[in-house]
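>>> Give me a model of this one.
(chains A and B)
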Amino acid sequence: MRQAARADEYAEFAAARTGHLYRSACLLTAGDTHLAEDLVQETLGRLYVRWGRVSRVDNPAGYAQTVLTRTFLAHQRRRSSRERAVEAFPDVADGSGTDTPLRLTLMQALGRLPAKDRAVVVLRYWEDRSIEETAGAMNASSAAVRTRCSRALGRLRELLGEDIGESARP
Amino acid sequence: MPVDQYSDPFEEQLAVALREAGGAFDSPTALAAAGRARGDRMRLRRRTAIAGGAASLALVGVGGALLAPWGGKPAAGPSSVAASGSAKQAAFSADDVVRTLKKLLPEGKFTESEARGTSEDLPPLAVGVFDDGKGEGSVSVGLARIPANGGEITPSTAVMPCPDGEQTGLDSCKTELLSDGSAITVYQGYEYPDRREDTKAWGADLVTPAGHHVSVIEWNAAAEKGKPVTRPEPPLTTGQLKTLAAASEWRRIADAIPGEEKKPVSPSGSSARPAEMAGWLILRKLALLLPKDLDRVRNGSQETGYGYFVVDDGKGASLVQVNVQPNMSDVAGSLYGSGAETLPDGTRVSVKQGPGEKGGAGVVMWTVDTLRKDGLRVVVSAFNAAEQDKTATRAKPALTIEQLRAVALSPRWTATED
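As a prediction, the model looks like this:
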């Protein structure tokens, strides 16, 4: 019976958090919605397998986000060890007709960042995590996160200009 | 961190822009369900990883690679936890497992690539490169405990079975009983059943009467997949494999694996339900029922209710799976519609031929779903791919509907002697 209750609890959690995880994954993958879907499935799968423990952590939603980030980074690692120079980023437009100039511009800019830098940006500015929390999620030191963050901001500034909204206007 | 703490207006703008752009991505409706399905497969994988045969053991590598990045290692420091009370076993860290393997290996250098202790979600494991001076090979030891579930463990049935027939894909395979009642299967096979690469995978699979499960595998390459063959044969002889698997050190570590949570055992008040069929038993029955001319590439099972073989008739791999569920009479109406056939003994049979359920490109699923009068449901499905979520590798499944029907309707599913 406990197992059934647990399954319900997981289902409730998944229903509530999947949308947000997917949006985070879309940002992490710089708009590759197929990969984003795969990462979210993998993340949810992992959470499901260890739900007994996950449900007892203070902040399962934050934990899910951490799992997503690590799943993404592991995917990038595997990809870069198997294929060389993956510089081609997928088409950003997902055909749903909801693409705004801002989204396109931003996804393109994110796509030009190294994966780890992108993860730092997403955790810091989309998830509103502190440097320390970001470091924890990425298994990295705070110093490394700070370095990546300032490098990523510099690059995004170059790509997007000082006024982000302005750069997206046609 | 609240947005207003960003020191730089650009950071603030970036946060706003991300929110706007990210918020516009609409999540596909079935994503949560797909995540759960993935979780089910992971569970299956982690069970088959330890319970399966030579080929499915390769999945240890797959699962490990997927989970390692966040599985992490146990904290440093004293690895043994003082026993509190009588039941609690000391924990062993990943380093302890590696140290044990190093101690038990013959002379040479072992370099760890992955390891887990007893306090992690997945079973203890040590994998790495082993060089005895004659070239690099790799060695993996996985440990598990087979739950007794109230009954006794019969090592000879729980240990990895040697495949029947001549075309087994193995150069040798032998199961024997040791003097302490343990059963051990020692085999010499290949990492790729189709031998597209010459990587040899040799192993020993041991089950003790107390339910310790030790699985040792070795390869004549520095990794099970993706590394060139570096020596003609894996580093340990079959005799050494046997000695390594039988070492008592592994049993001590396996004892420290926390038990599965107790399952509700026949809750009082409800009438006794027929027990779920153990996965290994399903596998055994299925092994006896599959046409003999099919090459069995790999197999696996869940603890209860599910087992599968990947078979090959020479035209490519085909997954054949069986679900066995007791006490399903109450759902007969919804499961077997008007199109279902009813046999003279009251067994209902429904046949479906359609696309696979898990998204593999071009995958078809042929299913014979049967429900006996006593409520035992046996569902046999075959696919034109080795995995449901992978691209189809052949036009049709390796078994015909007639053959699937014969498997599903076999009296063997209700026989007690298997």
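
>>> wait, residue B:355 sits on residue B:367?
No: distance between residue B:355 and residue B:367: 11.6 Å, which falls outside the contact criterion (CB atoms under 8 Å). The way it works is simple: take the backbone N, C-alpha and C, and place the C-beta from them, glycine included.

>>> Show me which of these two is the more surrounded one.
Here residue B:355 and residue B:367 are set side by side on neighbour count (other CB atoms under 10 Å in any protein chain shown), and the busier one is residue B:367, at 20 against 12.

>>> That one contacts residue B:378, correct?
No: in this structure, residue B:367 sits apart from residue B:378 without contact. The criterion is CB under 8 Å, and the distance is 11.1 Å.

>>> Restricting to C-alpha, output the helix or strand harbouring residue B:101 in CSV.
Under the criterion of DSSP states H and E, residue B:101 resides in helix B:94-104. Output for helix B:94-104, consisting of C-alpha atoms alone and laid out as CSV, is shown next (Å, rounded to 0.1, in the frame of the first residue of the first chain):
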residue,chain,number,x,y,z
ALA,B,94,33.4,2.3,-2.7
ASP,B,95,37.1,2.3,-1.8
ASP,B,96,36.6,-0.7,0.4
VAL,B,97,35.2,-2.6,-2.6
VAL,B,98,38.1,-1.5,-4.8
ARG,B,99,40.6,-2.4,-2.1
THR,B,100,39.1,-5.9,-1.8
LEU,B,101,39.2,-6.4,-5.5
LYS,B,102,42.9,-5.3,-5.6
LYS,B,103,43.7,-7.7,-2.8
LEU,B,104,42.0,-10.6,-4.5
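
>>> Helix or strand next in line after that helix, which one?
Scanning forward in sequence from helix B:94-104, with DSSP H and E defining helices and strands, the next element found is strand B:109-116.

>>> average pLDDT for that next one?
When the per-residue pLDDT values of strand B:109-116 are averaged, the result is 86.

>>> going on from that strand, what's the next piece of helix or strand?
From strand B:109-116 onward toward the C-terminus, using DSSP H and E, the following helix or strand is strand B:125-131.

>>> Give me the residues contacting that next one.
Among residues not part of strand B:125-131, those counted as contacts by CB atoms under 8 Å, 6 or more residues apart in numbering or on different chains are B:60-61, B:64, B:94, B:97-98, B:100-101, B:105, B:108-116, B:136-143, B:218, B:222-223, B:235.

>>> Neighbouring strands of that strand in the sheet, and parallel or not?
Strand B:125-131 sits in its sheet next to strand B:109-116 (antiparallel), strand B:136-145 (antiparallel), going by DSSP bridges.

>>> Mind checking what secondary structure the closest residue in space to residue A:155 that isn't next to it in sequence has?
Once flanking residues are discounted, residue A:155 sits nearest to residue A:113: 6.1 Å by CB to CB, 6 or more residues apart in numbering or on different chains. Here residue A:113 is coil, with the state taken from DSSP: H, G, I helix; E, B strand; the rest coil.

>>> Who are the contact partners of residue B:19?
By CB under 8 Å, 6+ apart, residue B:19 lies in contact with residue A:126.

>>> Verify the assumption that it is located in a strand.
No: residue assignment for residue B:19, taken from three-state DSSP, gives helix, which places it outside any strand.

>>> Can you check the pLDDT for it?
Note for residue B:19: predicted pLDDT of 89.

>>> can you tell me how far it sits from residue A:149?
18 Å (CB to CB, to the nearest Å).

>>> how about the helices in chain A?
All helices of chain A, identified by DSSP state H, fall at A:2-28, A:33-49, A:51-54, A:60-82, A:101-111, A:115-121, A:131-138, A:142-160, A:164-168.
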